[in-house]
Every structure is written in C-alpha cells, then in structure tokens.
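Engineer: The following comprises the amino acid sequence and a computationally predicted model.
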Amino acid sequence: MKGLYVFLGIVLLLIFWGGASYNGMNRNRVNVDKNLANVQVNYQRRADLIPNLVETVKGVANFEQKTLTDVIQARASATSIKLDPKDLSAEKLKEFQASQGQLSQALGRLMVVSEQYPQLKANEQYKALMVELAGTEDRIKNARYDYNQSVGDYNVKVTSFPNNILAGMFGFKERTMFEAEADAQKAPKVKF
C-alpha cells in the first residue's frame with residue numbers, strides 16, 4: 001500500500017510539473033506573438049504616414065518623381081507581407097525584414113533629396129510628418145527589441161531540459177529573432 005502512495009505521489013508531481021511547464025511555455029509563446037503583433041502595428045503606422053508625406057512633398061515642391069515612385073512602390077511591397085505567428089519561418093521573417101529595409105532606404109533617399117528644397121523643410125505639415133516618422137522609427141526599434149527579448153526568453157524555455165521534452169511533445173518550436181540589416185554596421189558617410 002505504501003508503494004502505491006509513493007507511486008501516486010510521483011505521478012501527481014509529474015502532472016503538476018508538466019502542467020506548470022506547459023503553462024510557462026504557452027505564456028512565453030503568447031508574449032512572443034503579442035510582441036510580433038506590436039512590431040507589425042508600428043510598421044503599419046509608418047506605412048500609414050507615407051501617403052501623407054508623399055502628398056505633402058508633391059504639394060510643396062516640384063519633386064523628383066522617381067524618388068516619390070520608389071517610396072510608393074517600397075510601401076506597397078512592405079505592406080503586402082503579413083507575418084502569421086503560427087506559421088513564422090526564418091525565411092518569412094527575412095522576407096518581411098527585407099521589404100521593410102527597402103522602404104527604409106527609399107524613405108532615406110526621400111529625406112536626402114528633400115534637403116535640397118528649403119520651402120519643403122519650412123512647411124509645417126512636412127515638419128510634423130517628419131516628427132511623426134522619427135517617433136515611429138523609435139517605436140519600431142523598441143518593438144523589435146521587445147520581440148527579440150521575448151523570443152530569447154521563449155527559446156531558452158523550450159530548449160532547456162526538461163522543458164524541451166514537453167516542448168517537443170506539444171509542438172513548441174524555437175522562434176526566429178529580427179536581425180540587423182546587412183549594412184547596419186557601416187557608418188553613414190557625412191559630406192558637407
């Protein structure tokens with residue numbers, strides 16, 4: 001009889017441990033999904049600002065059409081890719097990052113060319129949009145940081161023993177982090 005109680009005690013401990021481990025991994029997975037959604041919301045906010053920026057630039061300056069077209073096309077490409085947390089592969093994340101990087105480059109070219117138009121830089125709507133865009137870029141950076149933090153915590157949990165046993169049984173897989181763009185290490189050249 002004593003052996004039966006010991007056996008039942010061990011089984012109960014394993015059940016409680018398994019439940020706590022599963023709940024912890026699930027909580028981390030939900031946090032990763034939430035942070036990925038926050039990243040996408042901030043990228044969408046940036047994409048939503050771009051049409052207003054383009055229209056302001058068109059209205060104030062006889063602007064280079066190719067630059068505006070590049071920004072519009074890059075925005076269309078960037079907003080066409082949606083990330084699904086349940087089907088997020090490293091390739092899909094890299095594709096998303098690449099399209100967002102192209103949009104960042106197009107916006108960068110727009111900012112450089114806009115420096116040649118003093119009447120544009122003096123326009124209040126343009127200034128307000130630039131402030132909004134700069135704030136949005138900061139939000140994107142912070143959202144990506146939070147996402148990477150939550151992915152790191154999640155990945156540690158699902159790959160650590162003995163959680164990795166349950167993770168394999170219940171389909172908890174490692175997630176991919178956002179990475180720096182290829183040329184991020186190169187400092188921009190400033191010319192006067």
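Structural biologist: That came through fine.

Engineer: Quick one: mean pLDDT for stretch 11-29?
Structural biologist: Mean pLDDT, stretch 11-29: 89.

Engineer: residues in contact with that stretch?
Structural biologist: With CB atoms under 8 Å, 6 or more residues apart in numbering as the contact definition, stretch 11-29 has outside contacts at S150, D153, Y154, K157, V158, P162, N163, L166, A167, F170, F172. C-beta coordinates here come from the backbone N, C-alpha and C atoms, glycine included.

Engineer: 6 Å instead?
Structural biologist: Contact with stretch 11-29 is made by D153, Y154, K157, V158, N163, L166, F172, as judged by CB atoms under 6 Å, 6 or more residues apart in numbering.

Engineer: which ones among the residues you listed are found in helices?
Structural biologist: The helices, defined by DSSP state H, take in D153, Y154, K157, V158, N163, L166 from the contacts of stretch 11-29.

Engineer: closest to L68 among the residues you listed?
Structural biologist: Y154 (40.8 Å; CB to CB).

Engineer: And the pLDDT for the closest one?
Structural biologist: According to the prediction, Y154 has pLDDT 95.

Engineer: my read: it touches N31, true?
Structural biologist: No - assessed by CB atoms under 6 Å, Y154 is found out of contact with N31, at 7.2 Å.

Engineer: can you map out the helices along the protein?
Structural biologist: Secondary structure of the chain, counting by DSSP H: helices at 2-60, 65-80, 90-114, 118-121, 124-159, 163-170.

Engineer: ok, back up a step: Y154 and N31: which has the busier surroundings?
Structural biologist: Y154 (25 against 17; other CB atoms under 10 Å).

Engineer: Give me the spatial nearest neighbour of the more buried one, chain neighbours excluded.
Structural biologist: Excluding the flanking residues, the one nearest Y154 by CB to CB, 6 or more residues apart in numbering is N28, at 4.0 Å.

Engineer: Quickly note the distance from the residue located most distally from the centre of the chain to F16.
Structural biologist: Distance from the C-alpha centroid of the chain, by CA atoms, centre = their mean, peaks at M1 (57.2 Å). Remark: distance between M1 and F16 (CB to CB, to the nearest Å) = 23 Å.

Engineer: cool, M25 as well?
Structural biologist: For M25 relative to F16 (CB to CB), the value is 15 Å.

Engineer: before we move on, the earlier item: counting neighbours, what do you get for the residue nearest to Y154?
Structural biologist: As a burial measure, N28 scores 21 neighbours (other CB under 10 Å).

Engineer: I would like a PyMOL command selecting only the buried ones among the contacts of stretch 11-29, please.
Structural biologist: A single PyMOL command is used to select the members of the contacts of stretch 11-29 judged buried by 16 or more other CB atoms under 10 Å:
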select buried, resi 154+157+158+163+166+172
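
Engineer: Between which two of the contacts of stretch 11-29 is the distance greatest?
Structural biologist: D153 and L166 (16.4 Å).

Engineer: Can you point out the buried residues in stretch 172-182?
Structural biologist: The neighbour-count criterion (16+ other CB under 10 Å) identifies F172, R175, F178 as the buried residues of stretch 172-182.

Engineer: Lovely, talk soon.
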